[in-house]
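# Below is the structure, and that's it, no one-letter string:
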């Protein structure tokens, strides 16, 4: 498993869950990181701040600079 994926799942995910959100690693292609935001994150008005925070955390702890593609995924009952 990739270092960035482990970091997202073991460090960032629990922090985001504390606010009712959820982040899922999708892929890392070079410096292009794709993640899915669920839960409260799917309707958050300041998600761009969280994405910036995630970039800085990964840069500091994983020593990797990434560009993040954030996909909002609403719960199934909000899609109808």
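The structure has been received and is ready for your questions. Bear in mind that the values here come from a model prediction, so they are computed numbers and not experimental data.
# Spell out the residue ranges of the strands in this structure.
For the chain, the strands defined by DSSP state E cover 21-29, 32-39, 67-72.
# Return the most buried member of those.
strand 32-39 (a mean of 18; mean count of other CB atoms under 10 Å). For the C-beta atoms, the positions are set from N, CA and C on the backbone; glycine is no exception.
# do you know how far the residue nearest the centre of the chain is from residue 2?
Geometric centre of the chain, nearest residue: residue 23, 4.4 Å, by CA atoms, centre = their mean. With distances taken as CB to CB, to the nearest Å, residue 23 is found 15 Å from residue 2.
# so where is this structure shaky, pLDDT-wise?
Counting by pLDDT under 70, the chain shows low-confidence ranges at 1, 75-80.
# angle of the longest helix along the chain against strand 32-39?
For the chain, the longest helix by residue count, based on DSSP state H, is helix 47-62. Angle of helix 47-62 versus strand 32-39, following axes from the mean of the first three to the mean of the last three CA atoms, to 10 degrees, is 130 degrees.
# Not counting helix 47-62 itself, show me its contacts.
3-4, 7-8, 11-12, 16, 21, 23, 33, 35, 37, 41, 44, 64-68, 70, 72 (CB atoms under 8 Å, 6 or more residues apart in numbering).
# again, only this time at 10 Å
Helix 47-62 has contacts (CB atoms under 10 Å, 6 or more residues apart in numbering) with 2-4, 6-8, 11-12, 15-16, 19, 21, 23, 28, 33, 35, 37, 40-41, 44, 46, 64-70, 72.
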